[in-house]
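A.B. asks: Fold the following.
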Amino acid sequence: LVGSEMCIRDRLIKKNLNVKWCCLLGDTLVFSSSKSGLERIENLKAGDHVLSLNEANCTIESCKVTKKLVRSSDDIYEVKFELLPRVKVTGEHPIMIVKKKAQDEFDSRASEFVRTREIHKQYSAKSERDETRKTCCYVVYPFNSQVVDVPELNERKCSLLGYYIARGRLLASNSKKSQIPNVVRFDMGMSEFNRALEIADLVKREFSTSCRISFDLTSVKIRSSEFVKFIERFCLGTAKKEKLFAREILLLPIEKQRDIIRAAWRFSKHFRKEKGLPLEVVFDSFQFASRPLAIQFQQMLLRSGIVCSYSIETKSDKASSNDVLYKLSKRTDVDQTDFVLDAEKSILYTRLSSIRRLHETQKVFNLEVERNRNYVTEAGLMHNCETRVDTVDFSLLHLMAQAGCKAVYVGFESGSDKMLDVYNKGTTVEQNKRFARWAHKVGIRVAASMIFGHPLETSADRVYSRKLISETRPATVFWNRWRSEYETP
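C.D. replies: Sure thing, here's the model as predicted:
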């Protein structure tokens with residue numbers, strides 16, 4: 001019996017039908033409704049909202065996280081994309097691969113989910129056929145096209161935000177014991193006095209009522225409560241590696257975002273006089289000390305139709321964490337084998353360039369997200385990898401079957417309502433039976449997980465579990481022995 005189960009399970013895995021549920025490392029950034037618009041997946045919790053792609057109309061929506069899932073894994077791979085940050089995922093994680101229909105078009109109906117482990121095998125192969133298949137692996141990276149204007153942000157204030165992100169810091173004056181910031185300092189070189197005058201002029205125009213400005217050889221300091229409040233509203237963090245834009249900035253109209261980007265770029269480079277030239281002409285590259293800030297800029301540039309390559313640079317061979325720079329470089333080539341930008345749908349298709357296995361054990365995470373069952377990370381679109389009987393209805397199962405879904409893996413756990421309450425499952429035996437009936441009706445196979453051996457489980461509960469399996473007739477059953485883990489309830 002065990003051998004038969006394993007054979008069935010192997011077939012399910014080969015056909016990409018059985019998917020485990022924890023895939024991403026904890027430092028993976030997820031686009032969310034937090035103040036900065038980005039949050040590490042390990043810091044998210046049930047009830048938070050994340051950005052999700054409605055694949056029916058290709059729009060970005062805010063959806064609630066219903067559950068966060070955690071486990072440990074030693075089957076971890078590092079996946080690198082042509083334009084996006086590299087991401088670390090488990091071997092069973094399914095990546096949605098999109099096929100090209102024409103030179104610059106993609107057929108979403110021809111997309112498929114392929115396990116990271118299988119992609120790694122493909123990229124390790126040396127046959128001519130597999131080399132051809134490598135060039136066809138594209139991932140989906142949606143960016144938010146929603147526009148929410150902030151009327152008080154005019155061109156001068158947008159420029160000040162760009163200057164602050166490039167060189168600014170919030171400080172508390174030495175004369176006060178309080179650590180509450182009341183000074184904005186802009187660092188600059190001795191030859192950049194013209195920049196200091198430009199900043200001082202902008203601040204005087206917008207915050208002239210309560211503004212004191214002082215200069216020295218390396219900085220300009222602005223003491224203004226209004227200006228500090230303005231910076232604190234639209235920018236987060238005070239240290240160099242903590243600075244981020246508030247989420248409002250990521251939704252501004254494109255022209256205002258361009259003013260911010262142009263100012264940040266000019267302040268990160270030598271002063272240039274071509275102020276009136278289009279952003280596409282003057283911009284070439286950015287360097288950031290903060291990975292989330294680089295991703296925020298990449299999103300804004302994509303909204304402007306500018307495609308950038310994301311890369312990591314180090315200042316020395318033996319690089320410490322202080323030596324790491326995150327770089328965005330404008331793509332001047334038009335090589336359609338690397339990427340395609342669909343501005344109308346606000347989606348970037350980018351080629352998967354390399355993948356390698358990491359020999360380490362780490363905690364991995366995943367999110368259950370309502371409605372669309374997916375969420376957007378720094379490295380593209382991630383789908384839910386778990387199904388619950390209380391989150392799926394018949395219409396959704398029918399759509400899944402039409403889209404090519406062959407099987408689902410669900411946790412029945414027990415045929416006894418008493419034991420389901422003990423496990424704090426949140427579902428009932430009747431819901432399990434109903435789900436199985438719906439799945440059989442639309443032609444989707446069911447792989448069921450069951451738990452046995454709990455101290456409170458009786459012989460009657462085990463009979464109920466066997467009865468549930470005989471009535472629901474799943475394609476395969478995984479019998480898992482209950483065990484308690486240290487430091488868990």
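A.B. asks: all helices for the stretch 251-400 of the chain, in order.
C.D. replies: For the stretch 251-400 of the chain, the helices identified by DSSP state H, counting those that start in this stretch occupy 254-268, 279-282, 291-303, 394-402, in order along the chain.
A.B. asks: weakest of these in terms of mean pLDDT?
C.D. replies: Ranked on mean pLDDT, the bottom entry among the helices of the stretch 251-400 of the chain is helix 279-282, at a mean of 66.
A.B. asks: Low-confidence bits of the stretch 201-350 of the chain, can you list those?
C.D. replies: 209-210, 240, 269-282, 314-323, 332-337 (pLDDT under 70).
A.B. asks: how about the strands in it?
C.D. replies: Along the stretch 201-350 of the chain, the stretches classed as strands by DSSP state E, counting those that start in this stretch are 212-215, 219-223, 235-236, 244-245, 285-288, 308-314, 324-330, 339-342, 347-358.
A.B. asks: which one of those is the most hemmed in?
C.D. replies: Mean neighbour count, computed with mean count of other CB atoms under 10 Å, is highest for strand 244-245 among these, reaching a mean of 23. C-betas here are computed from N, CA, C, even on glycine.
A.B. asks: What is that one packed up against?
C.D. replies: The helices and strands touching strand 244-245, judged by 3 or more CB pairs under 8 Å, 6 or more residues apart in numbering; DSSP states H and E, are strand 235-236, helix 291-303.
A.B. asks: which stretch among the strands of the stretch 201-350 of the chain comes nearest residue 63?
C.D. replies: strand 347-358 (17.6 Å; CB to CB).
A.B. asks: if we look at that closest one, which residues are touching it?
C.D. replies: Strand 347-358 is contacted by residues 58, 75-84, 88, 91, 95, 97-98, 106, 116, 119-120, 123, 134-135, 137-143, 302, 307, 337-342, 380 when judged by CB atoms under 8 Å, 6 or more residues apart in numbering.
A.B. asks: Let's have the helices of the stretch 251-400 of the chain in JSON lines, adding distance to residue 409.
C.D. replies: Converted to JSON lines, those look like this (distance: least, CB to CB, whole Å):
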{"stretch": "helix 254-268", "distance to residue 409": "42"}
{"stretch": "helix 279-282", "distance to residue 409": "47"}
{"stretch": "helix 291-303", "distance to residue 409": "32"}
{"stretch": "helix 394-402", "distance to residue 409": "13"}
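A.B. asks: picking up where we left off before, which one of the strands of the stretch 201-350 of the chain lies nearest to residue 189?
C.D. replies: Closest approach to residue 189 among the strands of the stretch 201-350 of the chain is made by strand 219-223 (9.9 Å; CB to CB).
A.B. asks: Can you tell me how far the residue nearest the centre of the chain is from residue 38?
C.D. replies: Geometric centre of the chain, nearest residue: residue 377, 1.0 Å, by CA atoms, centre = their mean. Counting by CB to CB, to the nearest Å, the gap between residue 377 and residue 38 amounts to 10 Å.
A.B. asks: between the two, what contacts are shared?
C.D. replies: Here residue 377 and residue 38 have 29, 30, 31 as joint contacts, going by CB under 8 Å, 6+ apart.
A.B. asks: got the residue ranges for the strands in the stretch 1-150 of the chain?
C.D. replies: Counting by DSSP E, counting those that start in this stretch, the strands of the stretch 1-150 of the chain are 24-25, 29-31, 38-40, 49-54, 59-73, 76-81, 87-90, 94-100, 106-115, 138-142.
A.B. asks: neighbouring strands for the third one, and are they parallel or not?
C.D. replies: Each strand paired with strand 38-40, and its direction, by DSSP bridges: strand 29-31 (antiparallel).
A.B. asks: which residues are in contact with the strand it pairs with?
C.D. replies: Here strand 29-31 has contacts from 37-41, 44, 50-51, 144, 291-292, 295, 367, 375-378, using CB under 8 Å, 6+ apart.
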